[in-house]
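K.L.:
Okay, sequence plus prediction incoming.
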Amino acid sequence: MSNEPKGKKRPFPFADKVRKFIADFEDLQYDGAKIVCTICDSDLMCWDKYDCIKHVNSQHHRDKKQGVPSKFQLMVDLLLMLVACNVPLSILDKQPFREFWKKYAPELHLPSTRSINTYLPEVRKDVIDKIKCGVKNKQLWLCVDETTDIKKISVVNIIIRILDSLHPASPLLLASRRLTKCTARTITRVVLDTLEQFEISASQVLLFVTDGAASMRLVGRSLQEHGCRFLHITCKIHALHLVAETVRNCFPGVDTLITSTNKVFLKSPKRLRAFHDKCPDIPEPPQSILTHWGTWLKAAFYYAVYFQQIKTVILQFKPDEAAAIKESQTQFQDISVENDLQTIHNNYKGLHDAIEKLQNSALSLAESLQIVDDIGSTLHAIKDVKNDCVVEKWESVLKKNSDFIKLREIWGGASTDTLSECREYFNYACVTSVDVEHSFSQYNHIFSSKRTCLLEETVETYLMLQNIRKWCPVSLGDNTDNTSDNNKATSSRTS
């Protein structure tokens, strides 16, 4: 019994037969082996004039020729735009939005929220494939940190950068995972699983950056035990922030003045109006947030510059109106507090400037090391009794991070470490965890109090999309669209 399929086989034509009718189609070309559509940039996989007519008259070909995006590309671009602007996808079902769309873009079909959500897994897969392709066989910088979201659930974000000797690379978010139990072991497991998911070998990671928490130091040691050869350094902005906290503890009177004065003007339009009437040419007192880098120092500098003006405003308030007013007036009338403010302004302005400079994650390693060296020299040059504990804190923070000393030696060419052969890759190695802190801000912006039902995978995809747009110049969905065209052409030929 013959195994040949039933039905008449289509004969393979000669080249001259194809050339007779291919000239009638301005958008089609024949190279002797296949017919290609120059508009769709795809192989038609057909040999008859009828198939060519069918393709040229198809809606897909006409849309391509007129510049109308395909349905898939429209879905992808619309999804990327909404995610980048942090607009909820539910807006697609709002009647005012649909009426606006129908009025100004009637030729484009606006999908529903449910239909565009079906494209999210495919777009996510496309992003992961592009990241895999982009980081293959590249030397990498890795940063991991954890925080707590609005539901008091621990969240771990993993960020990478490609280490390039010529220019700084944009950060890429690989994972944003919620953990019911946040320990060094669970974080290590998340990091290893993520590296495996993106097909990143342990030898590709050269630098690992975290904050100085004990759990993160354990994560670094655990990963090194699993075969990672990287240097583990702690964020230098966090280190400077710890030094700034020591400065705050050394000047309790200044801290009380800043805190109480903030309370005086907090939620009090009447007092703010009195402030603007009395001091129209100076800015309002800044809010000091202890967890934000350098904000306390910035507030101290403000009061050092505008001490007399603010004092005049505070003293005109009645002390029995609020306890904060009485406390603030007491501190403004203390001569030692005014002297301490001038001391902080004169001695620690460089500390605040260093924090500001290091927040630029595009700095080269040489520039970052110079900033760290300069602030160390500045702190040691201060001749003040209270500064001794500040210098001691700075030294202790540096000593706890031995790999930072190794990194300095490798960059200076004075190291025999195995990583010294990769010295050129450290040219734009970032010594801070600014990128992961930014990703937490994006996470809190997406997973806000009004959107607490988003799944972990959905939030992670949104964050990946926001990062991939900066890193990948190729529009998402292009490859998938071409594949779809080829599949349709193949289906036409086999039918």
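P.N.:
Thanks, I have it.

K.L.:
Every contact and neighbour count from this point should use C-alpha atoms.
P.N.:
Noted.

K.L.:
From residue 59, how far off is the residue nearest to residue 240 when sequence neighbours are not counted?
P.N.:
Residue nearest to residue 240 in three dimensions, not counting chain neighbours: residue 355, with 6.7 Å by CA to CA, 6 or more residues apart in numbering. For residue 355, the distance to residue 59 equals 57 Å [CA to CA, to the nearest Å].

K.L.:
Settle it for me: which of these two has more neighbours?
P.N.:
residue 355 (22 against 12; other CA atoms under 10 Å).

K.L.:
those strands in this protein, which residues are they?
P.N.:
28-30, 35-37, 42-43, 140-148, 154-162, 172-179, 205-210, 231-234 (DSSP state E).

K.L.:
would you turn these into TSV with distance to residue 410, mean pLDDT and mean neighbour count?
P.N.:
Shown next, in TSV, are these (distance: least, CA to CA, whole Å; pLDDT from 0 to 100; neighbours: other CA atoms under 10 Å):
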stretch	distance to residue 410	mean pLDDT	mean neighbour count
strand 28-30	57	81	17
strand 35-37	54	84	19
strand 42-43	50	78	16
strand 140-148	16	94	22
strand 154-162	19	95	22
strand 172-179	26	94	22
strand 205-210	12	94	24
strand 231-234	11	93	25
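
K.L.:
Just put the ones you listed in TSV and tack on distance to residue 299.
P.N.:
Listed next are the strands of the chain as TSV, based on distance: least, CA to CA, whole Å:
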stretch	distance to residue 299
strand 28-30	69
strand 35-37	65
strand 42-43	62
strand 140-148	26
strand 154-162	31
strand 172-179	33
strand 205-210	27
strand 231-234	26
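
K.L.:
Enumerate every residue touching residue 405.
P.N.:
Residues in contact with residue 405 (CA atoms under 8 Å, 6 or more residues apart in numbering): none are found.

K.L.:
quick one: it and residue 231, what's the gap?
P.N.:
From residue 405 to residue 231 the distance is 10 Å (CA to CA).

K.L.:
so which of the strands of the chain comes closest to residue 272?
P.N.:
Closest to residue 272 of these, according to CA to CA: strand 140-148, at 33.8 Å.

K.L.:
Now tell me what touches that closest one from outside.
P.N.:
Applying CA under 8 Å, 6+ apart, the contact partners of strand 140-148 are 154-163, 204-211, 216, 429-430, 433, 436, 440.

K.L.:
Now residue 454. Nearest residue, chain neighbours left out?
P.N.:
Nearest non-adjacent residue to residue 454, counting by CA to CA, 6+ apart: residue 447, 7.0 Å away.

K.L.:
thought that neighbour was touching residue 459?
P.N.:
Yes. Judged on CA atoms under 8 Å, residue 447 makes contact with residue 459 at a distance of 7.2 Å.

K.L.:
Name the residue closest to the centre of the protein, please.
P.N.:
residue 439 (4.3 Å; CA atoms, centre = their mean).

K.L.:
is it true that that residue touches residue 463?
P.N.:
Yes. Using CA under 8 Å, residue 439 is in contact with residue 463, at 7.5 Å.

K.L.:
Find the residues that touch each one of those two.
P.N.:
In terms of CA under 8 Å, 6+ apart, residue 439 and residue 463 are both contacted by the residues residue 173.

K.L.:
ok, the residue nearest to residue 454 to residue 116 distance?
P.N.:
20 Å.

K.L.:
follow-up on the earlier one: out of the strands of the chain, flag the one nearest residue 196.
P.N.:
Of these, nearest to residue 196 by CA to CA is strand 172-179, at 11.1 Å.

K.L.:
what about the closest one, distance to the chain center?
P.N.:
Distance of strand 172-179 from the chain centroid (CA atoms, centre = their mean, to the nearest Å) equals 11 Å.

K.L.:
May I have the predicted confidence score for residue 13?
P.N.:
At residue 13, the predicted lDDT confidence score is 51.

K.L.:
And the one 5 residues further on, by the same measure?
P.N.:
The confidence metric pLDDT takes the value 75 at residue 18.

K.L.:
now residue 475
P.N.:
Here the pLDDT value assigned to residue 475 is 51.

K.L.:
do residue 114 as well
P.N.:
On the pLDDT scale, residue 114 gets 90.

K.L.:
just checking, residue 297 touches residue 353?
P.N.:
No. The pair residue 297 / residue 353 is not scored as a contact, 10.1 Å apart, by CA under 8 Å.

K.L.:
These two: who's more crowded?
P.N.:
In this view residue 297 and residue 353 are compared by other CA under 10 Å, and residue 297 has more residues nearby, 24 against 14.

K.L.:
Please name the nearest non-neighbouring residue to that one.
P.N.:
Leaving aside its sequence neighbours, residue 297 sits nearest to residue 352 (CA to CA, 6+ apart; 6.6 Å).

K.L.:
and that neighbour, how many neighbours?
P.N.:
Residue 352: 21 neighbours (other CA under 10 Å).

K.L.:
Run through the residues that contact it.
P.N.:
For residue 352, the contact set (CA under 8 Å, 6+ apart) comprises 294, 297-298.

K.L.:
Among the residues you listed, find the lowest-pLDDT one for me.
P.N.:
Least confident entry in these, by pLDDT: residue 294, with 86.

K.L.:
That residue touches residue 243, doesn't it?
P.N.:
No. Assessed by CA under 8 Å, residue 294 is found out of contact with residue 243, at 10.0 Å.

K.L.:
domains for the chain, by residue range?
P.N.:
If you go by automatic domain parsing, the domain ranges for the chain are 1-68, 71-118, 136-234+433-455+466-471, 236-400.

K.L.:
Just give me the lowest mean pLDDT stretch among those.
P.N.:
Note on the domains of the chain: lowest mean pLDDT is at domain 1-68, with a mean of 71.

K.L.:
can you give me how far that domain is from the chain middle?
P.N.:
Its chain's C-alpha centre and that of domain 1-68 lie 46 Å apart, by CA atoms, centre = their mean.

K.L.:
Going forward, the N-terminal residue is numbered 10.
P.N.:
Yes, from this point I'll number from 10; that puts the last item at domain 10-77.

K.L.:
circling back: list just the nearest of the contacts of residue 361 to residue 324.
P.N.:
Residue 324 has its nearest neighbour among the contacts of residue 361 in residue 307, at 23.0 Å by CA to CA.

K.L.:
That closest one: neighbour count?
P.N.:
Other residues within reach of residue 307 by the criterion other CA under 10 Å amount to 18.

K.L.:
can you check the one 3 residues further on too?
P.N.:
Around residue 310 sit 21 other residues, with neighbours defined as other CA under 10 Å.

K.L.:
any idea how far the nearest residue to it once chain neighbours are set aside is from residue 114?
P.N.:
Counting by CA to CA, 6+ apart, residue 310 lies nearest to residue 354, which is 5.4 Å off, once chain neighbours are set aside. As judged by CA to CA, residue 354 and residue 114 stand 58 Å apart.

K.L.:
do residue 301 as well
P.N.:
Using CA to CA, residue 301 is found at 45 Å from residue 114.

K.L.:
returning to that earlier point: so which of the strands of the chain gets nearest residue 406?
P.N.:
strand 240-243 (9.2 Å).

K.L.:
which helices and strands sit right next to that closest one?
P.N.:
strand 214-219, helix 411-421 (3 or more CA pairs under 8 Å, 6 or more residues apart in numbering; DSSP states H and E).

K.L.:
Out of the ones you listed, the one nearest residue 55 is which?
P.N.:
Residue 55 lies closest to strand 214-219 among these, at 48.1 Å (CA to CA).

K.L.:
helices or strands next to that closest one in the packing?
P.N.:
Strand 214-219 packs on strand 149-157, helix 223-234, strand 240-243, going by 3+ CA pairs under 8 Å, 6+ apart.

K.L.:
Distance to residue 379 added to these, as JSON lines?
P.N.:
Converted to JSON lines, those look like this (distance: least, CA to CA, whole Å):
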{"stretch": "strand 149-157", "distance to residue 379": "20"}
{"stretch": "helix 223-234", "distance to residue 379": "25"}
{"stretch": "strand 240-243", "distance to residue 379": "16"}
